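Q: Fold the following for me, if possible:
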Amino acid sequence: MAECRGTERDVAPPTSPRSPVGLDNVGNTCFMNAVIQCLAHAPEIAAYFARDQHEKEKNIDNPLGTKGEISGAFGTLLKQLLKCEKDSIAPQALKRAIEKKKEEFRGQRQHDAHEFLECLLDGLHEDLNRILKKPYIPDPENDTRPLAIRGEDAWLNHRRRNDSIIADLFQGQFMSCLTCPECKTTSERFDPFMTLSLPLPEAKRRLQVTLVQADEDTVYDVMVPVRGTIRDLRRALAEVSRVPGNRLRITEIYQSKFQKLLGDTVPLSGIAATDTLYAFPYEFQADSTVVPVLQLEVRICNSAVCSVCQKAGQWSRCTRCLQACYCSTECQRGAWAEHKKACRAPAVVPFSQPLFVAVGNNGAYEDAFKRCVKASRAYVPKCYKPRTLFHANNFGHAVKSVELAAGKPVPVAQLQCLAVEWEVAQNEAPVELPPRKRSCRELPDAPTGPQELSLERALQVFCAPEQLSADNSWYCKQCKSNTEATKEMRVWRLPTHLVVHLRRFRWPGMMAGQKISDFVDFPRDRLQLQADGDGSARTYELYGVVRHYTIAVGGHYVALVRTGGEWFQCDDEACRPVPADSVVDKNAYILFYRAVDDGTAQAAASAPAPAPAEDMTALSAALASAAGETPSAAVSATATASNAAEAVADTAAGNAADVVDTAAGNAAEAVADTAAPGPSPAHVG
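A: Sure thing, here's the model as predicted:
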């Protein structure tokens, strides 16, 4: 049971919206408190739990649920919020129930509010799933029917296995399309969602990168996110060069050696505008691994006479220094005592252009040698002859390491870098290749600073085509290999309650998390969206916001909620009214919207129709009166609450859409409403 703390509250039915009840911070639980306050101000959710409907629909046999522990604790807490005579409540019972479902929420560490929201919604859904035995529904293969029919079938199949108050209200449908960059094969998939997680467009910066190709070097100007990674640079270069991004490798080169090999997760913040970047395309081949390859020059003796007897002819060279020539074994043995004092391995010098080559995974030396020589030939003078292949450590900084012998396997999995050794006559004059063709592709002047961000713009970025990373590649059945496909997302079906998560945090590589604190404009009263499935439109009204503040000792969450037409900020135990025009600010992290139209085109058959949030005051007052007034008043108040709950039930069954206006909303007034310029200084979530 949730505990009530604080001072006594006035339990008389309020004539104006009453300040919500706060939630105690029981150890870095501001993330949990903010989410609970917003969910508690969803009128349908408040009415559903206030009339104990969760007890009637509790599914204790669902192996994915908690046997009603989460739904029971949440229902008890919500009713405490609606009728408690105290100023604040300790949500310890709900915290314990969540900890049993997800061990990562144990203890008193800070957590992400969005992760907690998804965990809570999933726990409530599984506890209240009306489907006692989920049917097995196989995914259709090679389905060529129109997308509209496939999407409707996917939704109906999903609802045959998932039917709860949470699914009724919060679940929508995505359509994702993957396109193979090689064969252009497409694959569409329909998936449900409970929160819409949107990326935020970022400020841009300009970088130069040289695309190295066999016939020409092209310098490109590209625009990349300020907080982006090499993966973003690869994508930007692919757009302007028309070279598939999954065939590009980015590096820094110095004195014909790789200075740095830049992986996808390397942050661009560590790259200066003056750094020289190179991009190398490589030929796509199945069953191969892309490795960096250096060119090494070695000067050899080209004398036509024996070093001992001066006999003319084409003789064998010393295999170590490559300088002395011998016409016979006798000459070599006779000169060895003196020769070994000066015999040293020849100097090997990196030269020409390093590059990337796809080497076969079979490890065959001859195949690897042939591929490397073929790719390198365009960058090496014709008088140079390929001699052998080396495995170079540290990407060429320790130039010569292990010579790979013919007939022995190449350790492809352990390779850092390969090096082709090219031999040239010792007395050959230095040969320079003709100057390579070089061109520049500059971008027109474009704004690089922060742009005005909006929810509409974030939705456009979410639906824009995106290239998958190598770590998240897609297996193309046509090509029979993993590929960095292009992915597009569409919001196919809109839910009754739309929860929007703004992706303000990113973790580039192993670095600490970065927060995007840019202001994002979003509508407070009328958000109009159109589904891509049947084209139906819905109008939403904002009723809750979770804010995240970054302060000196960490982060803190607060909630802003709408009740009775007014906005309140819930900062753990402290709740206070705030102006409506202060709701939209740069700290918004999660937005809770509720449809205010009939939604007949999108709502599921069992989903409750929308109800005005202002009507929640009646249910809250009725529950409070029933807890502490005279018997007659309690009976009257209980009857009022019961009537409100029954009206919501009728609405959920689709029987009385007009009843909802007077009843379904009677459950959000006394829940916590949050919206304010900043957190209380005493609370660090």
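Q: I'd say Tyr549 and Asp571 touch.
A: No. Counting by Cβ atoms under 8 Å, Tyr549 does not reach Asp571; the two are 9.9 Å apart. To be clear about C-beta, it is placed using only N, CA and C from the backbone, and glycine gets the same treatment.
Q: which secondary structure elements does the strand or helix carrying Ala46 contact?
A: Applying DSSP states H and E as the criterion places Ala46 in helix 43-50. When contacts are defined as 3 or more Cβ pairs under 8 Å, 6 or more residues apart in numbering; DSSP states H and E, helix 43-50 sits against helix 69-83, helix 165-170, helix 616-628, helix 631-652.
Q: buried set for the helix or strand that it is followed by?
A: Per DSSP H and E, the first helix or strand lying C-terminal to helix 43-50 is helix 53-56. Residues of helix 53-56 classed as buried under the neighbour-count rule (16 or more other Cβ atoms under 10 Å) are 53-54.
Q: what's the answer for stretch 161-170, then?
A: For stretch 161-170, burial by neighbour count (16+ other Cβ under 10 Å) applies to 162-170.
Q: again with stretch 263-281
A: For stretch 263-281, using 16+ other Cβ under 10 Å, the buried residues are 264, 266-268, 271, 277-281.
Q: Which residues outside it are in contact with it?
A: Stretch 263-281 has contacts (Cβ atoms under 8 Å, 6 or more residues apart in numbering) with 205-213, 224-234, 237, 241, 243, 247-253, 262, 355-356, 469-471, 508-511.
Q: Now that stretch: average pLDDT?
A: Mean pLDDT, stretch 263-281: 86.
Q: what do you get for stretch 571-578?
A: When pLDDT is averaged over stretch 571-578, the result is 93.
Q: would you put the C-alpha positions of it in CSV?
A: Taking C-alpha atoms only, stretch 571-578 is exported to CSV below (Å, rounded to 0.1, in the frame of the first residue of the first chain):
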residue,chain,number,x,y,z
ASP,A,571,8.2,18.6,-8.4
ASP,A,572,8.2,15.5,-6.3
GLU,A,573,6.3,16.5,-3.1
ALA,A,574,5.8,20.1,-4.1
CYS,A,575,2.9,21.0,-6.5
ARG,A,576,2.1,24.5,-7.5
PRO,A,577,0.1,26.3,-10.3
VAL,A,578,2.0,27.7,-13.3
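Q: now it: how far from the chain's centre is it?
A: Between the centre of stretch 571-578 and the centre of its chain there are 32 Å (Cα atoms, centre = their mean, to the nearest Å).
Q: Numbering from 613 from now on, please.
A: In the new count, where the first residue is 613, that last one comes out as stretch 1183-1190.
Q: Just give me the closest of the buried residues of stretch 875-893 to Val633.
A: Nearest to Val633 among those, counting by Cβ to Cβ, is Pro879 at 43.8 Å.
Q: any idea how far the closest one lies from Val821?
A: Taking Cβ to Cβ, to the nearest Å as the measure, Pro879 falls 16 Å from Val821.
Q: can you check Ile749 too?
A: Going from Ile749 to Val821 by Cβ to Cβ gives 48 Å.
Q: Who has more neighbours out of those two?
A: Per other Cβ atoms under 10 Å, whichever of Ile749 and Val821 has more neighbours is Val821, with 25 against 13.
Q: what is Tyr1169 paired to in the beta sheet?
A: Note on Tyr1169: beta-bridge partners by DSSP bridges are His1160.
Q: And for Ile701?
A: In this entry, Ile701 is beta-bridged to Cys616, Leu635, by DSSP bridges.
Q: quick one: pLDDT of it?
A: In this model, Ile701 is scored at 91, pLDDT.
Q: And the one 10 residues further on, by the same measure?
A: Glu711 is assigned a pLDDT of 92 by the prediction.
Q: ok, it touching Phe717?
A: Yes. If you go by Cβ under 8 Å, Glu711 and Phe717 touch, sitting 5.3 Å apart.
Q: between those two, which one's more packed in?
A: More crowded of Glu711 and Phe717, by other Cβ under 10 Å: Phe717, with 20 against 13.
Q: quick one, strands of the stretch 1113-1262 of the chain?
A: Taking DSSP state E, counting those that start in this stretch to define them, one finds strands in the stretch 1113-1262 of the chain at 1117-1118, 1126-1127, 1132-1133, 1139-1142, 1149-1163, 1166-1175, 1178-1183, 1186-1190, 1200-1207.
Q: For the fifth one, enumerate the helices and strands it packs against.
A: Contact here means 3+ Cβ pairs under 8 Å, 6+ apart; on that basis strand 1149-1163 packs against helix 642-652, helix 725-739, strand 1139-1142, strand 1166-1175, strand 1200-1207.
Q: what comes into contact with the helix or strand following the second one?
A: Moving toward the C-terminus from helix 725-739, the next helix or strand (DSSP H and E) is helix 759-773. If you take Cβ under 8 Å, 6+ apart as the criterion, helix 759-773 is touched by 743, 746-747, 749, 752, 755, 779, 783, 785, 787, 800, 802, 804, 1104-1105, 1145-1146, 1216.
Q: same thing but 7 Å
A: Contacting residues not belonging to helix 759-773 are listed as 743, 746-747, 749, 755, 785, 787, 800, 802, 804, 1104-1105, 1145-1146, 1216 [Cβ atoms under 7 Å, 6 or more residues apart in numbering].
Q: quick one: Gly857 and Glu851 touch, right?
A: No. Look at Gly857 against Glu851 with Cβ atoms under 7 Å: they stay out of range, at 8.3 Å.
Q: If you count surrounding residues, which of these two has more?
A: Using other Cβ under 10 Å as the criterion, Gly857 and Glu851 rank with Gly857 on top: 22 against 14.
Q: Setting aside sequence neighbours, what's the nearest residue to that one?
A: Nearest residue to Gly857, sequence neighbours excluded (Cβ to Cβ, 6 or more residues apart in numbering): Ala850, at 3.5 Å.
Q: Report pLDDT for the one you found.
A: For Ala850, the pLDDT comes out at 86.
Q: Leu768: how many residues sit nearby?
A: Leu768 sits with 11 neighbouring residues when counted by other Cβ under 10 Å.
Q: ok, now how distant is it from Gly1147?
A: From Leu768 to Gly1147 the distance is 19 Å (Cβ to Cβ).
Q: and Gln944, what helix or strand is that in?
A: Gln944 belongs to helix 941-951 when assigned by DSSP H and E.
Q: So for that helix, mean pLDDT?
A: 72.
Q: Show me what counts as buried in it.
A: Burial within helix 941-951, assessed by neighbour count using 16+ other Cβ under 10 Å, is assigned to 943-944, 947, 951.
Q: between the residues you listed, which is nearest Ser700?
A: For those, the residue nearest Ser700 by Cβ to Cβ is His951; the value is 92.0 Å.
Q: for the closest one, what are its contacts?
A: Contacts of His951 (Cβ under 7 Å, 6+ apart): Ala936.
Q: about what we covered before: with respect to Ala702, which of the buried residues of helix 941-951 is nearest?
A: His951 (88.8 Å).
Q: Nearest residue to Asp1083 in space, please, no chain neighbours.
A: Nearest residue to Asp1083, sequence neighbours excluded (Cβ to Cβ, 6+ apart): Asp876, at 7.5 Å.
Q: Format the buried residues of helix 941-951 as a markdown table; extra columns: distance to Tyr977.
A: Listed next are those as a markdown table, based on distance: Cβ to Cβ, whole Å:
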| residue | distance to Tyr977 |
| --- | --- |
| Cys943 | 32 |
| Gln944 | 28 |
| Ala947 | 33 |
| His951 | 30 |
